[in-house]
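>>> curious how this folds, go ahead:
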Amino acid sequence: MSLLTELSEQLPGRAYGPGASEFDTGRTVFAGVGEPDVVVRPHTVDEVATAVARAAAAGLSIAVRSGGHGLLPVDDGLVIDLAEFDTIEVDDAGLVTLGPAAHWGDVAAALASRGLGISSGDTRQVGVGGLLLGGGVGWLVRTHGLTIDALREVELVTAAGEVLTVNAESHPELFWALRGGGGNFGVVTRFTVQASPVDGLVGGSIHFDRSDVPTVLRAWREVMRAGGDGLNSSLMLMPPMGPEMPGGPQVGIALRGTESELRDLLAPLLALPSVAKVDLAPVAYGDLLEDAPPGRPPFQFVGGNGFAPEVSDELLEAVAAAYARDVPTMVLLRALGGAFSRVDADATAIAHRDAEALVIVNGVLPADAEPELVTAVKAGSDAVIALTTGSYGGFEANRSDEITASMYPPATLERLRRVKAAVDPGNSFRRNHNIRPAG
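Numbers count the residues shown, from 1 in each chain. A predicted model of the protein is given here:
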C-alpha cells in the first residue's frame, strides 16, 4: 500500500497526490516546484502526528512547509503543509501564541495596537516557523536579540509521532536545540514568544553615491560602536541597476527614541559629502518590514555570509574591494552586539554571540552563468567571508554538510547531534541544513 493510499484512509480529505490543488500548493515554494510523493495539509496536531509517524516508519524524508520561503523543492517523501496553522494570539502579558504558517507581517500588524512587536526578519511574507527555528536576525536585534531569544515554549511532534511541550523546564536540552537548530528535530505546531515594546520608533534610510564607499563603511562602523543597544542598523552596498537605480551604499536605521536623538547619533554619516538622500521619521515597526520579491529571481547569488567578531579595517577593505569588482556585487553588514551578545554562547544553538556584525556578500550572475565564472566570482566573495567565523543558515541556500559544519562550532554541533539521535535517530527530518544523528 502506498503512503498516499494509507494516509488518505487515515486522514480523509487531508492527504493529496498529483492532480489535487492542495498538492500543487504544498509542493510550491519560493525556490521552485517539487515532486513529493504525498502532501498532507493537517488541521490538528494529531493529524500531524499520524502523518509524521507513518512517513518515518516507511523511511521517507519529511519536509515541513510553513511560509514556503526558505524550503527547497522536495522531489520525494512527504511534505506537511502547515497552511492551516496560522494562529496569532496575544495575552495581557505580551505572550504571543503563533502558528508556524503565520507570516511576520501579519504578526507585526496584530501586535501594533499594543505597541508590541517581535524582532523577526526583514520581510512581511516570511513564515514564522522556518525563521524562528533558524535564529531570526531582525531589525531590532541589538535591542531585543534574536527571535529565538524571545521564544518561551513550543509544541513539537517528533519522528515517533509523540506530541511534546518543550520549554526550559520540560525537555530543556531539546529546547536548547530548537533555538537555532532549524527543523531537524520534528514539526513545531505552536510557538509561544514574548513580545517586546516597539512603540516610539524612529528610523528610515540614508542613501549615498558611489564616490567614497570606504569612508561610508568606516563612518557607519564608528556610529554603530558609539550608538548603544538602541541603535539598530544595516548597511547595504547595492550595484547599479540602471539610470533609475545608480547603486551605492544605503544605511537602514531604527531607534526607539526621538528623531533629534537619532540625527545626533547619525551626525558623522549625515555630514559625509557623498550623502544623496535622507529619509528619517517616526515609523511603526511593521513599516520597517519590506515585501519579499514575488518569485525566484532570474539570476543567482554567488557568495556567502559569516559572523564577524570585529568589523576591522581589514574586513572593510575586503568589502570595498569586493564591491568595486567588475561583477555586480551586493554586500550587507548588519550590526550586532547589544542584546544579541548578552546571551551566553552556549544558551542556544546560535553560538557566535561575540560577533560585531553579520556580513553577507554575493556576486550577482545570470542563472545560466558558466561554471568557471561562478568559481571565479565565489573566490572574490570568499576573500570577505574568510575574515568571519561561522555562518548563519537563514541566509544560506546551500544544504551541504560543509555549510552545516560552518554554522556551528564543533562542540555545539556535537551537542546538536546527540539531541538529534534522541528524537530523530532515523534522520527523517533531513530536508534542511541537516544535523546527522550521533552514533
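>>> residue 24 should be in a helix, yeah?
Yes: residue state for residue 24 (DSSP: H, G, I helix; E, B strand; the rest coil) corresponds to a helix.
>>> contacts only, for it.
Listed by C-beta atoms under 8 Å, 6 or more residues apart in numbering, residue 24 has no contact partners. Bear in mind the C-beta positions are built from the backbone N, C-alpha and C, glycine included.
>>> show me the shaky parts of the chain.
Within the chain, the ranges that satisfy pLDDT under 70 run 69-70, 295.
>>> repeat that for 90
Along the chain, segments meeting pLDDT under 90 span 1-3, 28-33, 66-75, 121, 240-246, 292-299, 397-398, 439.
>>> list the residues that contact residue 28.
residue 68.
>>> what bridges to it?
Taking DSSP bridges as the rule, residue 28 bridges to residue 33.
>>> check the gap between it and residue 400 for me.
24 Å (C-beta to C-beta, to the nearest Å).
>>> repeat that for residue 132.
From residue 132 to residue 400 the distance is 23 Å (C-beta to C-beta).
>>> higher neighbour count, the two?
Of the pair residue 132 and residue 400, residue 132 is the one with more neighbours under other C-beta atoms under 10 Å, namely 29 against 11.
>>> okay, strands next: where are they in the stretch 201-350 of the chain?
Using DSSP state E, counting those that start in this stretch, the strands assigned to the stretch 201-350 of the chain run over residues 201-208, 231-238, 248-256, 275-282, 299-308, 329-335.
>>> residue 166 against residue 152, yeah?
No: Residue 166 lies out of contact with residue 152 (C-beta atoms under 8 Å); the separation is 10.4 Å.
>>> so for these two, which residue has more residues nearby?
Summary of the neighbour comparison: residue 166 and residue 152, criterion other C-beta under 10 Å, with residue 166 having more neighbours (24 against 13).
>>> what residues are up against the more buried one?
Residue 166 neighbours (C-beta under 8 Å, 6+ apart): 153, 154, 155, 156, 174, 175, 178.
>>> how about residue 144?
For residue 144, the contacting residues are 119, 138, 150, 196, 339, by C-beta under 8 Å, 6+ apart.
>>> if we use 10 Å, what do you get?
Remark: with contacts taken as C-beta atoms under 10 Å, 6 or more residues apart in numbering, residue 144 is in contact with 117-119, 138, 150, 194-198, 229, 232, 256, 338-340.
>>> which of these are buried? Put it as a PyMOL command.
The buried residues among these can be selected in PyMOL (16 or more other C-beta atoms under 10 Å) with this line:
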select buried, resi 117+118+119+138+150+195+196+198+229+232+256+338+339+340
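>>> before we move on, the earlier item: any idea which of the strands of the stretch 201-350 of the chain gets closest to residue 427?
The closest of the strands of the stretch 201-350 of the chain to residue 427 is strand 299-308. By C-beta to C-beta, the value is 25.1 Å.
>>> circling back: what residues do residue 166 and residue 152 have in common as contacts?
Shared contacts of residue 166 and residue 152 (C-beta under 10 Å, 6+ apart): residue 175.
>>> report the central residue of the protein.
In the chain, the centroid-proximal residue (C-alpha atoms, centre = their mean) is residue 394; its distance is 3.7 Å.
>>> got a list of what that one touches?
Going by C-beta under 10 Å, 6+ apart, residue 394 touches 70, 121, 126, 130-131, 133-137, 147, 180, 182, 305, 350, 358, 407, 433.
>>> the same query, at a cut-off of 7 Å, please.
Shown in contact with residue 394 (C-beta atoms under 7 Å, 6 or more residues apart in numbering): 131, 134, 135, 137.
>>> I'd like the distance between it and residue 84.
Distance from residue 394 to residue 84, by C-beta to C-beta: 24 Å.
>>> how does this structure divide into domains?
3-81, 88-198, 201-395 (automatic domain parsing).
>>> helix, strand or coil for the nearest residue to residue 38 once chain neighbours are set aside?
What sits nearest to residue 38 in space, not counting adjacent residues and going by C-beta to C-beta, 6 or more residues apart in numbering, is residue 4, at 4.7 Å. Taken by three-state DSSP, the conformation at residue 4 corresponds to helix.
>>> tell me, how many neighbours does residue 4 end up with?
Neighbour tally, residue 4, other C-beta under 10 Å: 19.
>>> kindly report the same for the one 3 residues further on.
Other residues near residue 7 number 24, with proximity taken as other C-beta under 10 Å.
>>> how near is it to residue 231?
51 Å.
>>> check residue 264 too.
For residue 264, the distance to residue 231 equals 11 Å [C-beta to C-beta].
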